[in-house]
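In: Predicted model and sequence follow; I will ask about them next.
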Amino acid sequence: MNILIQLEEFTVFLGCIYLFSRLDFDWWWFPVLLLVPDLSMLGYLINPAVGAILYNIVHFKGTGVAIGLFGVARGDRRLMLVGIMLFAHASMDRAIGTGLKYFDGFWHTSLSTSKFW
C-alpha cells in the first residue's frame, strides 16, 4: 500500500487520540477499547462470509462517524467514545496496511492480499 495513505491514516489515528482526550475518560480506556472491534473476527468461526460482514460493519469508518455524531446530537459522551474508538481502530488498521475484508478469506482485504501485509 502507498506509504502516503498509511501516513494519512496514522495522522487520523492521532486525531482520534486527541478527540479521546477531550472526552475526559481515564486513559486506560483507550488501549482496552482500541482492541474491542477485533472481536468482530469471531464471525469467521461461523464462515468467511459472516466473518467478513461482521468485520466490515465494525471496521467501516462510517459506523464510527454515525455513532459518534449520534452521541454528539444526544449529548452522550459514551456514544461519542464508542464512535471515536471505532474510527480510531479502523484508522489504525489502515495505517498498518489492512482494510475491509472480502468474502473469500480473512487475509484478502481491500488494501492487501498478503498474509503478512
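Out: Right, received. Where do you want to start?
In: only C-alpha atoms for contact and neighbour calcs from this point on.
Out: Fine.
In: so where is the chain shaky, pLDDT-wise?
Out: 1, 106-117 (pLDDT under 70).
In: which residues touch the spatially most central residue of the chain?
Out: With distances taken as C-alpha atoms, centre = their mean, Ala90 lies nearest the centre of the chain, 2.4 Å away. By C-alpha atoms under 8 Å, 6 or more residues apart in numbering, the residues touching Ala90 are His59, Phe60, Lys61.
In: name the element Val65 belongs to?
Out: Here Val65, judged by DSSP states H and E, is contained in helix 61-74.
In: ok, Met41 - contacts?
Out: Gly51, Ala52, Leu54, Tyr55.
In: Count the neighbours of the closest residue in space to the last one that isn't next to it in sequence for me.
Out: Closest residue in space to Tyr55, ignoring its immediate chain neighbours: Ser40 at 5.0 Å, by C-alpha to C-alpha, 6 or more residues apart in numbering. Residues near Ser40, counting by other C-alpha atoms under 10 Å, number 18.
In: any idea whether Ser40 is helix, strand or coil?
Out: helix (DSSP: H, G, I helix; E, B strand; the rest coil).
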